[in-house]
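# Okay, predicted coordinates and the sequence, questions at the end:
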Amino acid sequence: MTVSFPIRFQELEQQAKDRLDPKIFDYIQSGGGREETLRANETSFRKWRLVPRFGADVSTVSLAKKIHGETIQSPMMLAPVGMQALADTNGEKASICAAHKYGIPFIASTVSSYSLEEIAEACPNADRWFQLYYPNDEALAKSFVQRAEEAGYQAIVVTIDMATLGHREKDLTNQYSPFRLGKGMSNYTNDPIFQSYVASLSQEEMRTEMQKVFFKPGLNWLDIQELRKATSLPIYIKGILHPDDAEKAVEIGIDGIVISNHGGRQLDRSITSIDALPLIKERVQDQLTILLDSGIRSGPDIVTALALGADAVLLGRPFIYGLAIAGQLGVEKVVDNITNDLTKTLQLMGVNDVNKLDSSFIRHDS
Ligand SMILES: Cc1cc2nc3c(=O)[nH]c(=O)nc-3n(C[C@H](O)[C@H](O)[C@H](O)COP(=O)(O)O)c2cc1C
Ligand SMILES: O=C(O)C(=O)c1ccccc1
């Protein structure tokens, strides 16, 4: 019997669960602490209600967005997710090609299964951004950025919510650590600087060395300012939730932010992204690009984020589940389904261009 590709998120998750090793599934699905934020990510979208208007011709709907002068075909991107070979052997190489089919950017993680060069080569015309876990080593940080530039990446996304790994109860119970298994090291082992550090070390010692440079709990605004000087690529900061931090990003010439609680995987009881958005937007207005993730599952979720002032959203677990179920085709099905939902949502709201969304289309259900 062939099982049809799931439409509902719950079924997507269930089919991925059926296919994956239980510990790997738990690693992907779970959140930090008691998973309060993970749950809130979904429920807080529902506190917003859409207010449709009548009279616009919605026979066609434009989803295209301009981000830094580049057009993306719909207001979404694939979020940086590490170690995608856990879901499918082709990992990031499958996901980036799926993203390219839909004309949306793929954001490659620092801890991807394949190196940033391999990912770029898998689909050379794809829009690609590089997510940086700022290493606790200046030379390595510079080298990552330089390699991303050389491999045609169009932006750097610095993730700032990883001072330490979240206290993930499921992974701790399962005693599962992708680090211990040596996953997600390709960008390190293929780096000339990293290679010079580990030349005479055993595999085991190399893994320890990688973990040592991975976390930079002392990461601060000066580091970001230095990075600003070191590259001419647009820089995004991912993990912003406070308006003061968004304002600081503007001050030092950052191009954009990703409002994110890391899909509820880091700080439990964190504010949700959609709840953080209104005050951040009020503070920074259009001074930088605003992206948002954590809990995006449907067309109405995307419309809510855009109506409140986001320029585009990032998809995390939904596309990873698609990848686990059917590789590249699975990612395409997920993007296709969410895109169709978005199109219909806009038509039913009387909006024929995604750029026309604003706060008049939304009301808080209090
Ligand atoms: C398995 C997994 C691995 C992730 N790895 C990274 C990563 O390497 N870098 C990063 O910035 N965010 C990482 N994230 C967070 C995502 O970029 C994104 O913020 C989050 O998944 C969005 O929430 P959602 O899954 O509810 O859509 C990861 C998320 C998951 C589920
Ligand atoms: O699991 C994560 O959310 C994540 O970002 C990560 C952290 C360490 C290694 C790989 C991915």
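Good, I have the coordinates. Ligands and ions are numbered 1, 2, ... in the order given.
# Is ligand 2 within reach of stretch 182-197?
Yes. For a cut-off given as Cβ under 6 Å from any ligand atom, stretch 182-197 has contacts with ligand 2, namely G184. (Glycine included, C-beta is placed from N, CA and C.)
# Quick one: mean pLDDT over that stretch.
Summarised as a single mean, pLDDT over stretch 182-197 is 96.
# Any part of it near ligand 1?
No. Applying Cβ under 6 Å from any ligand atom, one finds stretch 182-197 out of contact with ligand 1, separated by at least 7.5 Å.
# And for stretch 293-301?
Yes. If you take Cβ under 6 Å from any ligand atom as the test, stretch 293-301 does meet ligand 1, through 293-296.
# right, and F9 touches P318 too?
Yes. Using Cβ atoms under 8 Å, F9 is in contact with P318, at 6.5 Å.
# who has more neighbours, those two?
Each of F9 and P318 has its neighbours counted (other Cβ atoms under 10 Å); P318 has more, 22 against 17.
# ok, back up a step: list residues touching both of F9 and P318?
R297 (Cβ atoms under 8 Å, 6 or more residues apart in numbering).
# can you dump the C-alpha coordinates of stretch 188-205 into CSV?
Extracted as CSV, the C-alpha positions of stretch 188-205 are listed here (Å, rounded to 0.1, in the frame of the first residue of the first chain):
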residue,chain,number,x,y,z
TYR,A,188,35.3,22.2,10.1
THR,A,189,37.1,19.2,8.7
ASN,A,190,37.2,20.9,5.2
ASP,A,191,38.5,24.1,6.6
PRO,A,192,42.2,24.9,6.1
ILE,A,193,42.4,26.7,9.5
PHE,A,194,40.7,23.9,11.4
GLN,A,195,42.9,21.4,9.6
SER,A,196,46.0,23.2,10.7
TYR,A,197,44.8,22.8,14.3
VAL,A,198,44.0,19.1,14.2
ALA,A,199,46.6,17.8,11.8
SER,A,200,48.2,15.5,14.2
LEU,A,201,45.1,14.6,16.2
SER,A,202,43.0,11.4,16.3
GLN,A,203,39.4,11.4,15.3
GLU,A,204,38.4,11.4,18.9
GLU,A,205,40.6,14.4,19.7
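# Contacts only, for I271.
Contacts of I271 by Cβ under 8 Å, 6+ apart are 241, 261.
# hmm, try it at 6 Å
Residues near I271 by Cβ atoms under 6 Å, 6 or more residues apart in numbering: L241.
# same deal with the one 10 residues further on?
Residues near K281 by Cβ under 6 Å, 6+ apart: G309.
# So it versus D301, what's the distance?
K281 sits 17 Å away from D301, going by Cβ to Cβ, to the nearest Å.
# Could you do T110 as well?
27 Å.
# ok, now F130?
Going from F130 to D301 by Cβ to Cβ gives 26 Å.
# of those two, who's got more company?
A direct count of neighbours by other Cβ under 10 Å for F130 and D301 places F130 higher, at 28 against 24.
# Am I right that the more buried one sits in a strand?
Yes. Counting by DSSP: H, G, I helix; E, B strand; the rest coil, F130 is located in a strand.
# my read: it touches A108, true?
Yes. Contact criterion Cβ atoms under 6 Å: F130 and A108 qualify, at 5.4 Å.
# Identify the contacts common to the two.
Common neighbours of F130 and A108 (Cβ under 6 Å, 6+ apart) are L116.
# count of residues packed around V334?
Residues near V334, counting by other Cβ under 10 Å: 27.
# now the one 4 residues further on
Burial measure for I338: 24 neighbouring residues, criterion other Cβ under 10 Å.
# Check what pLDDT E209 gets.
As predicted, E209 sits at a pLDDT of 92.
# My reading is that it lies in a helix. Confirm?
Yes. Under three-state DSSP, E209 falls within a helix.
# which residues does it contact?
Taking Cβ under 6 Å, 6+ apart, we find E209 in contact with V198.
# State the distance from it to Q347.
Here E209 is placed at a distance of 54 Å from Q347 (Cβ to Cβ).
# Equivalent analysis for S360, please.
Using Cβ to Cβ, S360 is found at 17 Å from Q347.
# neighbour-wise, which of the two wins?
Between S360 and Q347, Q347 has the larger neighbour count (other Cβ under 10 Å), namely 16 against 10.
# do you know how far that one is from ligand 2?
35 Å (Cβ to the nearest ligand atom, to the nearest Å).
# Please name the spatially closest residue to N190 (chain neighbours excluded).
In this structure, N190 finds its nearest non-sequential neighbour in S115, 4.3 Å apart by Cβ to Cβ, 6 or more residues apart in numbering.
# Number of residues surrounding the one you found?
Around S115 there are 20 residues (other Cβ under 10 Å).
# so what's the closest residue to P234 other than its chain neighbours scoring on pLDDT?
In space, and not counting its chain neighbours, P234 is closest to D255: 3.9 Å by Cβ to Cβ, 6+ apart. pLDDT, D255: 98.
# so the spatially closest residue to A79 that is not a sequence neighbour is in which element?
With sequence-adjacent residues excluded and distances taken as Cβ to Cβ, 6+ apart, A79 is closest to L314, at 3.8 Å. Assigned by DSSP states H and E, L314 belongs to strand 312-315.
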